[in-house]
Every structure is written in C-alpha cells, then in structure tokens.
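K.L.:
how does the following fold in three dimensions:
(3 chains)
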Amino acid sequence: MLTIALDAITTAALLFIISSGLLIVFGVMKIINFAHAAFVTVGAYAALVGARLALPWVLILPLAFATGAACGALTETTIVRRLYRRPLDAILATWGLGTVIGQVITLIFGREVQFVQAPITGTAYFLGIDYSAYRIAMIAAAIIVAVVFTGLLNGTRLGLSTRAVIMNEMLAQGLGVDSARVRLVTFAIGSGLAALSGALITPLSSVDPNMGLPWLISAFMLVMVSGGSLLTLAVSSLVLGGLQVVVSTFVNPILGGLTIAICAAVVLRIRPEGFARA
Amino acid sequence: MTDALQVDRLSSGYGTSEVISDVSFKLSTSEVLAVVGKNGMGKTSLLKAVLGFLPAWQGSVKFAGKDVTRMPPHLKRRLGLIYVPQEHALFQDLTIRDNLRLGLLSDGGFETALEQVGQWFPVLTQRLQQRAGTLSGGEQKMLIVARALMAKPAVLLLDEVTEGLQPSLVDRLSDVLTRFRQQIGTSMIVIEQHLPFALGIADRYLVFKRGEIVDSAPVDREAAQRIEAHMRI
Amino acid sequence: MPEARQFGQTGAASIDFSAGLRITVLALLVVGSIVLAPLLLDTYTTNILIRAFFVAIAAITVDIVWGYCGTLTFGQSAFFGIGVYALAIIFTEYGFGSWQALLGIATAIIAAATVAALTGWLSFYPGSTPLYASIVSLVVPIVLVQILYSGGTFTGSSSGLVGFESFDLEVENWFRLAGLSLAAVATIALIIMRSDTGRLLKALRDNDERCTYLGVDTSRYRIIVLVLTAIVASLAGFGYAAFGGVAAPENASFTFGTRLIIMVALGGRGTIVGAIVGALGIEVASAYLSGSLPYVWELIIGIALIAVILAFPDGLVGAARQLTRGMRPPGRSTTIMLRPIETAAIGGTESGTAIEVKGVGKHFGSLSVLDGVEFTAKRSELLSLVGPNGAGKTTLIRCLSDGRERSAGFVAIGGHAIERLSPNRVVQFGLGRKFQAASIFEALTVAECLRVARTYRARPSLIATSTMLDLPPAAISVVERSGLSERLGEEARHLSHGLKQALELAMVLSLEPEVLLLDEPTAGLTRAERQAFADILTSLTARDRLCILLVEHDLDFVREISSRIIVLHQGRIALDGSVNEVVNSALVREIYTGQQSTTSEAMP
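P.N.:
Model (predicted):
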C-alpha cells in the first residue's frame, strides 16, 4: 500500500518536473511547445553521453540542463519568435522541430534502446519499507526544482519581470521590461527543465529516440488544467499522477497511461480556465 | 536648448483605420501641456503612437533631439519617457511593493525611492504587502502615480490620472507634480477631462478633435471658456 | 415580384459555358487517366498509388476540418483506423462474404460517427478555444490506439490483424476503384467547399464570434462537419484495409494523424487539391525514399514542415496560385443580383417594446461595472447611450446580446426574455449587434459576406453559389449608398475602414432585426461617411421601424439623430431623457468636463 503511494508520489514528482517547463513557456508566451518532448529526449541522450564519458552525476545534470536550454534558445530565436501571432501554427512548427530532433538523434545514436546506470542503486529504508533509493532521490529533485523555480520567480528581478510579462505584456514593456528577452530566457529555461527531467528519467526507463512522447501529452494536459500556477501544477501532478498509478496497478496499465489525458480533457470541458483560482 | 519632445506630422491608427492625422507639437523642458477634447477623439492613441505601441505611419517623434520614432517602447522608458495609462495600469495580482519595484529599472535605490513615496502617499507604504487589486480606485491611482514619479521622469505622459479621485487628492497630486517639475524639470503631457486640474498645472493646452489638433494656445484666464466652447454638447 | 437588380460583371452566360466545358474536359482527363494508368504503370507503383489514394481521401477530410473550419486536428487518423479495424475484425471473426462486408461498412460508419459526435461534443461548445479542440483531437487517437493494444486477439494488440480474407479484385481494378473514389470525394468536396455552405465554413474559421452574432450555432456546424468527415475517413480506411489485407495500430495513431496534417500543410491547406498533392507526393516519395534513406527522409519532411509554416503558410498549391495570380484576370467574375425581399408586414403592435431591461448588474468579484440598470425602448426609437470611458457602455451592450453575461437582472428583446441564452439564440429574437471594430469576414468577398449573413434566414445551398441574393431593403439600401454595390466581387480585407463598417452594417441588417445595437459606429469615419450613416440610421427607424441603441462618444452626432439619450456613469444610469433635457443638464456637463461637484461620487 505504501509502495503504491510512493510510486504515486514519484510519478507525480517526475510529471511535475517535466510539466513545469511547459507551464512557464505557456504562461509567458501563450503557446504550447510541441518540441518539449524532443527536449526531454535531448536531455536523456546528454545524460547518456555524460555517463559514457564517466562524468559524475553532479556534472551530468547541469550538462543536460544546459544542452536543453541551448536548444530552446535556438528554437525561440529561429522559429517561435516568428509565429507569435499564429499560435496553432507554432504548435505545428514545434512539432516539426520535434521530429527533426528525433531524427537527428537517431542518425547520431541509432534507433536501439540504450540504458543508463543509476547514480544511486539499491533500496533505502524509507517510512518503514524498502523502496528504490533513486526514486526517493527523484522526489527530492522535484522539491528542489519547485523551490528553486519559485525562488527565481518570486525572489529575483528577472522573475518579477517574467511575472509582469505573463500578466500584461504591454504594461510591462511600458515599464521598461524587454519582453523579447524575457521570452527568450523563459523558453530556454523551460527547455532546460525538460532536458533535466529527461536526464533524471534515464535510470528508470530506457533511452530511445521517441521516449519523450508519452510524457508530452500528460504534461500538456496538466499544464492546461493548472491554468498557469506552479502550485496548482504540483497539486494536479499529485492528484492525476496518483490516479494514474492507482489505475495502472489495480485496473490495467494501458488504461493507466490514459488516465491523465482523459480526466484532464473532461475537467477542462467543465472548467475551461483550469484550476488556478479554485 | 533642445525640446524634451518634438512630434512632427505624426499619423497612426489601427489596421486600416487612421486615428491620428498629421499631428505636430513641441514640448520644452519643464513644460506642462494639457491635451483636452471629447472622448474617443484620439488622445490616448496619440500617447500610444508617441510611445510606439501604435505604428507611426508617417512623421517622427524626437526625444531630446534624438529620433525615437521606431524605438520599441521599453527602450523609450529607459530614456526617461514615463507613461501612466488610463486603463490596465497596474498588475492587480502583484503586491503594492512589487508594483512599485517595477517603477524602477532595477532594485538598486529602491528603498530610498520608497521613502519618497511614503512622503507623497503614506497610505501606500503602510500596506506594502497588500495585493494591488484589493485597493480602492483612488488608492490604485495613487499607486500608479507614485510608480511613475519614482522613475524621476524626463517626460511624463499622464492619461486621465484624476479619474475617480476625490478633490483633496486631486489637489495633492497637483502639488506633487508642480514640485517635481520645479525640482527635476520634468515635462508633462496631461490628458484630462477635469479642466480645473489640467489648467491649474499646464502652461499650454491642445484641443484634440477626431485625431487632429484644432486649437493650441497658452493657458490664460480665457482658456477654460475657449475649451468649453469646443466641448459643448 | 420585386425587380432584381443586377450588379457585377456582365457576360455571365458566356463565362458559364466555357467554365462548364473546361470542367467536363478536365473530368474526362482525370477519369481517363485513372482507367488507363494501370496498364502503363508497374505493379509496385500501382500498389503504392492505391494506398496513396485512400490516404489522400483521409487527407481531404483533414483539409476540410483544418483548412476550411480552422480546427487543427490530429485525430482524423482515429476515424481512418476505425474503418480499418471494422473491416479487419469482422473479416477475422466472421470470415468474408457479402453480409460481412455490409456489416463491416455499417460498423465503420456508425462507430466513426459515434466517436466523432462524442469528440465534437467535447471539443466544440460556446466558449471553447481552438487550442482545446486541438488537444482533444490529440487525445482521441491515443485512447483508440491504447484500446487496440489491450484488445488481445480480438484486435491483434500491437501486431494488428493480418491474413483475413478480403475482396478479390485485380490490382488494376483496385487502382480504378481507389482512384475513382478519390476523384469522387474530391469533386464532392470541391463542390461543397465552393458553395455557399463552404463559404459559411470559412466564415466560421475566420470570425467565429461574428457568425454567432449572425444567429449561427457554430458548435453544431463544427460537430456536423466532424461527423461527416469522420464517416468519409472511416470508409477510406475500410478501403485501405480491404486492399492491403493488414490492420495495424499505426493506422489509427496520432503519428499518422500528424502525417496527414503535414501532407495538407505542405500541399496547401484550404484548397482540397493541396491535400491530394501533399498526400500523393509524400506517400509516393516515402515509399521510394524511405527504403534508401530511412531517417533522412523523415528529417526532410520535418524540415519541410517548419519551412512551409514559416515561409509559405499556404503550401505548394497556395504558392503556385500566388505565382499565377498575375496571369489571371483580377477579381472573381461572378454576377450577383440583389433582390429586395418583401419584409413581412411589421409585426407586433404599434407600441411594441423592443428592449426591456430591469435591474441589470455586472460584477467581477467585488468590482461592480454595472449596477441597477433599468430602461425600456420601443420600436422606431433611436436611443443613444453616452458616458465617459469606463462607464460600462460596452458591458451593457454585451449584457443585452449575450444571456450569459450579466450577473443580475432581467433582459427581454422583442418581448422574449433572453435568460441565459447564448448570443446566437438571442439574435434569433430579432437582435442585431454591430461591433466597434468592423467585424466581418476578411477572406470572403463582399457578396459572400452578405450571403453568410443570411444563413439564419435562408439556409445556404450545399452545392451552388447563389447568383441571386435576397436581402431586405434596408440592407440593399446600405450596400447601394455606400458604393459596395460596385465591389461585390472584392475581398473584404481590401476595403477601406468606412466600407468595412458599411459592410458590417449591411450584414447585420440582413438578419432583418427589430433591434439594432451599435457600438461606436462612427469611429474613424470621415465627415461625409458620418453624414451618410446618420441618414441611414434615421431612415431605419422611420421607415423600417427598427429600435436602435447606439453607443457613441461623438455628442454632436448623437444630438442630431437621437430621440432619447441615456447617460451612463460609473455603471449606473445618471440620466434618461430627451435630447434637450440631457444637453442642457448640469449633471451631464459635470460628468464630461469634471467640474467640481458638491455631490461627487468619487472614491476616496
């Protein structure tokens, strides 16, 4: 029973990290980045490379983040910036980019499934049971991400500018905020977060060029349900992620994979603006 | 001495609809210009065009002699061109403190500026952690003005700043603005429906009608009458 | 019989004949090529093309939903997959025979229609966004594929179904069947999309709000389109599986769905022909290239998609049309005749109450935008609503036209309470709303805009483009006086601001409204245009006995034409009286010029 609860929490943690990047991008730029999944994959492969070079994980994680951030910055300047007024086309273009990245990765690394060794192996004695130590570390990672993010957003000047742009871009510009730069930085950080989560997933599952895809839909739906608030995202990740684990365990793993998508679609039908102000 | 602001034959609009036609005027350092006219005549659009929120189809805007017509709004702010919009001028979900922080370009010097704000409008500094959206209309206006003044503007553009303010507050605002202009040399463009306030601080006035300037003169004793003739229902 | 007035270019008779001839020749060429091609092509190519033809049919349905209706749908593949599996499952379970085939077709149709109806209900409702509809369209194929994976031997799980007996046709005849089916679907699609109904779909895509305020239930149209295209896609899938003898989950996946979108995007969205070009091009190229350069081909497609979206949003066909634009005569040469309809004898009593407002309020949390607004207005009244910025005028207009908008109070239009009805229903009570920024259909011609405006009153044809447009005299009057009658064939986006305003007014008048709400209609008009407008409004109240409620800032204009003025201030009615009363009122002068008032309601 406790195992299931912990599974739920670790799934939620992972979902949160993946979705938070998408949330920030959506909040500032009002578009959904369909290449997000590809950035997750990029981060995973960055971790693969790092592991092959026998780098310590303390280095691998920032390396993955940086790779993702660089890709994101490039994407924003070349593609997204020009599709500011065409949000549906932006979705399509980023989807195209996603396939391009997937193909490039396949060309470089091949199509086979690869594996990365976890930095922390074995189990730990946690709350009375033996549970995968790495998974517990993931919960810690999610909390750290949430804290750092919230700190950045609420404590720094850049965070204030970002919040201002999210709320009212024109007013922010009138107050001297370079909204173009905010968008660029936001997209880069969001992509970096995606890559970071990709790196974190690698020890838990395998690495292949399409691994990011299943997460994309769930992250999507969570972002829409959260209506723009990090806190609501955390809660939604817990609730829906937990539901996913429960359904997977007790009913059917395939149905479990669909839980988030279906629940979120129905929820949004009833309450289109999500739950930020509930 | 170069003018603080020089607008030459500016035309602008939305889509295919021209809202300002061939507008020219000058604003000297320390000068206050009142822009009056009935609603919907293009006064706000004029400010937006000067700032760059509306594209300049024709003409130019010069700030202290420098051509800023195509400069994006956030850079104009950095030069000292401060805008107090009529609507959506506050971040409702941010605290008073955060709203004020955005008045300066960085957090350096914020505490000192905050002291000044406390002298003008003590009610604001007493409730720094309160969300701006929960303030009354008049308090929100005070916050907007305080934020604008913190930036020590070279040119201040005020759009209907007295809307919804009670008379005592309007007087206080008048004082604060006058002192600013004496001490720092801030020039101002004041769009106003409230004639006594506008004429009380302005050196000159422009009457705006349908996107064009139809009258322009110094403020004197007959000014109010002349303006009212234009605005007569 | 009212005399029909003819506008537009003449010489219609000769143009029709040559167009008819061209079409016949084209049809013969296409049919001929399809029938003869298998004799010239090798088996490999023939096989590829047969599959490509079925995929192209699915691509056409994607173009209709995306290119014409404006919903970016990743989910048409789900319907294709339903057709595929309907056939495969029934032939696997029950063997092959005529009743099995009929059952298969029936299942394909019914299952697709049901899923589409459900998807449509989920995606299209008043207030839904295109983004949400896209997301739902993404979820549907994913759910379907997961269901297929968990279907055990019934669905073949991840391996799919294979080896079932199917129709025994020679490859050449399969080619003809598939090719002619594609030609048939393409022809029908082209006919419908070029008809008045097709224009309506484009109008839905361009400006959903305007359609709603023309009395059109946009959600219902979108759902119907989705269901019909789903059936067609499903039958295409049926054919695909019938030929190929294989059913695989990939056929229903959202990867395939995005593939269809890419085909339409590259070929050219909103043209039908573009979907065919894109589908055939990519299917054939994939077959030949993905063998020799597997990953590079996918890479090329991805890059092509990005390039097309950034630089050539109209795709191949669109770009081709741009190039040949110079070679074709400008404008669309159609003759449109406007015919004034006999409007029914003005119904209702002489003193019919057109607008009734009681205790209406609108709050956002603790912020009160409107409070205790109460007034009535009769037919033939021209009532102006004035007040300073932020007084709540546009909010009041919204509360009158959209039953869901107000927080409190009662509103009735033409004697009918609007309760919580959405705007398309309120319009049907006889309300017309003209927006502040001219809300028209930029991509349609003037005549097409007017035709769409008549949708609620006169159902649009599914196959034809009207050459005769029945409009109420008031609308014709506006069209003639503004000079729009000379420009019926011009695209609305090229009109000047004043003409766009006139067009919108004519469109709203085409509804034959009893009540007209106008929001700052003279903004941006020249003096001459304003005068013309004033004349039009006056005759609308006098001759057509409309009740007009006008929001205006230009008090001179208001004074000239109103019979009554309501002054709104801070969300409340400050004064409601005749022109003289209001013009001479001290209170009003105070509100507008901000003179000090002893009874100031200013907030502390």
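K.L.:
let's test this: mean pLDDT of whatever helix or strand C:A502 lives in, rounded?
P.N.:
Per DSSP states H and E, C:A502 falls inside helix C:497-509. Helix C:497-509 comes out with an average pLDDT of 90.
K.L.:
contacting residues around the helix or strand following it?
P.N.:
Per DSSP H and E, helix C:497-509 leads on to strand C:515-519 as the next helix or strand towards the C-terminus. Residues from elsewhere that reach strand C:515-519, judged by Cβ atoms under 8 Å, 6 or more residues apart in numbering or on different chains: C:354-355, C:377, C:393-394, C:397, C:400-401, C:413-414, C:430-436, C:508-509, C:537, C:540, C:546-551. For the C-beta atoms, the positions are set from N, CA and C on the backbone; glycine is no exception.
K.L.:
do stretch B:90-108 as well
P.N.:
With Cβ under 8 Å, 6+ apart as the test, stretch B:90-108 has contacts from A:157, A:160-161, A:163-164, A:167-168, A:171-172, A:175-177, B:77-78, B:110, B:113-114, B:117, B:124, B:127-133, B:135, B:140, B:143-144, B:146-148, B:150-151.
K.L.:
what pLDDT is listed against C:V308?
P.N.:
With respect to pLDDT, C:V308 scores 91.
K.L.:
that one reaches C:L266, doesn't it?
P.N.:
Yes - taking Cβ atoms under 8 Å as the definition, C:V308 is a contact partner of C:L266 at 5.5 Å.
K.L.:
so which elements touch the helix or strand harbouring A:V104?
P.N.:
Assigned by DSSP H and E, A:V104 belongs to helix A:87-109. Applying 3 or more Cβ pairs under 8 Å, 6 or more residues apart in numbering or on different chains; DSSP states H and E, one finds that helix A:87-109 contacts helix A:36-52, helix A:57-78, helix C:130-149, helix C:254-267, helix C:294-311.
K.L.:
cross the contacts of strand C:515-519 against strands and list the overlap.
P.N.:
Within the contacts of strand C:515-519, membership in strands is found for C:354-355, C:377, C:413, C:431-434, C:547-551, as judged by DSSP state E.
K.L.:
mind checking how far C:I341 is from chain A?
P.N.:
From C:I341 over to chain A the distance is 39 Å, taken as Cβ to the nearest Cβ, to the nearest Å.
K.L.:
got phi/psi on the closest residue in space to that residue that isn't next to it in sequence?
P.N.:
For C:I341, ignoring the flanking residues on the chain, the nearest one in space by Cβ to Cβ, 6 or more residues apart in numbering or on different chains is C:D470 at 4.7 Å. In this entry, C:D470 is assigned phi and psi values of phi -90, psi 120 (degrees, to the nearest 10).
K.L.:
now do the contacts for C:D470.
P.N.:
C:R339, C:P340, C:I341, C:R454, C:A458.
K.L.:
beta-bridge partners for B:G13, please?
P.N.:
Bridge pairing for B:G13 (DSSP bridges) gives the partners B:E18.
K.L.:
that one - how many residues pack around it?
P.N.:
Other residues near B:G13 number 19, with proximity taken as other Cβ atoms under 10 Å in any protein chain shown.
K.L.:
let me see the contact set for it.
P.N.:
Residues in contact with B:G13 (Cβ under 8 Å, 6+ apart) are B:V19, B:I20, B:S45, B:L54, B:W57, C:G524.
K.L.:
which residues touch the fourth one?
P.N.:
Just to be clear, that refers to B:L54. For B:L54, the set of contacting residues under the criterion of Cβ under 8 Å, 6+ apart consists of B:S12, B:G13, B:Y14, B:V19, B:S45, B:K48.
K.L.:
how many neighbours does the closest residue to chain C within the stretch 101-250 of chain A have?
P.N.:
Among residues of the stretch 101-250 of chain A, the one nearest chain C by Cβ to the nearest Cβ turns out to be A:Q103. It sits 4.0 Å away. Other residues within reach of A:Q103, judged by other Cβ under 10 Å, total 22.
K.L.:
touching, it and C:E298? I think so.
P.N.:
Yes - at 4.9 Å, A:Q103 and C:E298 qualify as touching, with contact defined as Cβ under 8 Å.
K.L.:
what's the neighbour count on the residue in chain A that chain B sits nearest to?
P.N.:
Minimum separation of chain A from chain B (Cβ to the nearest Cβ) falls at A:G176, amounting to 3.8 Å. With neighbours defined by other Cβ under 10 Å, the count for A:G176 comes to 22.
K.L.:
you'd agree it is in a strand?
P.N.:
No - assignment of A:G176 by DSSP: H, G, I helix; E, B strand; the rest coil gives coil, placing it outside any strand.
K.L.:
that one and C:F175, how far apart?
P.N.:
Shown here: A:G176 relative to C:F175, a distance of 66 Å by Cβ to Cβ, to the nearest Å.
K.L.:
contacts only, for residue 208.
P.N.:
You didn't pick a chain, so chain A it is. By Cβ under 8 Å, 6+ apart, the neighbours of A:D208 are A:R111, A:E112, A:V113, A:Q114.
K.L.:
switch to chain C, that's the one I care about
P.N.:
For C:D208, the contact set (Cβ under 8 Å, 6+ apart) comprises C:T218.
K.L.:
what does C:G179 give?
P.N.:
Counting by Cβ under 8 Å, 6+ apart, C:G179 has contacts C:I34, C:A37, C:L49, C:I50, C:F53.
K.L.:
noted, bye for now.
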